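J.: below is the sequence, then the predicted model.
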Amino acid sequence: ARYLKERQPTMAAPAETDIRKNFNYPLVVQTDMNDEMLTECTESAVTAVEKHSTSNEQAARYLKEALDKKFGSAWHVVVGEGFGFEITHEVKHLLYMFVGGQIAIVIWKCC
């Protein structure tokens, strides 16, 4: 009988690792918001993800409600991993960021 050795997982070389895993702070990928709005959205996003770490849906709902109260209605929020997007938004009302390395957040406002 032939016995095959189980293949052991190999460690990825440092250059091959996903750069987002190295960040413990919010990583803003794209935004056109002013500094005040960006700071408020970033802080609210971190709070939402920390408060609802087991449910991206609840984190998105929490963040949307917070932004609706602070900046008026018509905000949209997506929280999750492994998604793509193409959106139409109001100028100066878009934020695409990562929190905790793997959680992506897209925040935008439309009419």
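T.: Looks like it arrived, so ask away. Numbers count the residues shown, from 1 in each chain.

J.: if I look at residue 48, how far off is residue 60?
T.: Using C-beta to C-beta, to the nearest Å, residue 48 is found at 7 Å from residue 60. Every residue, glycine included, has its C-beta placed from N, CA and C.

J.: neighbour count: those two, which is higher?
T.: A count of neighbours by other C-beta atoms under 10 Å puts residue 48 above the other of residue 48 and residue 60, at 26 against 22.

J.: and the helix or strand that the more buried one is a member of, how far from the chain's centre?
T.: Taking DSSP states H and E as the definition, one finds residue 48 inside helix 35-51. Helix 35-51 sits 11 Å away from the centroid of its parent chain (C-alpha atoms, centre = their mean, to the nearest Å).

J.: give the buried residues for it.
T.: 37-38, 41-42, 44-46, 48-49 (16 or more other C-beta atoms under 10 Å).

J.: returning to that earlier point: pull up the overlap in contacts between residue 48 and residue 60.
T.: Taking C-beta atoms under 8 Å, 6 or more residues apart in numbering as the criterion, residue 48 and residue 60 both touch residue 79.

J.: sounds good, over and out.
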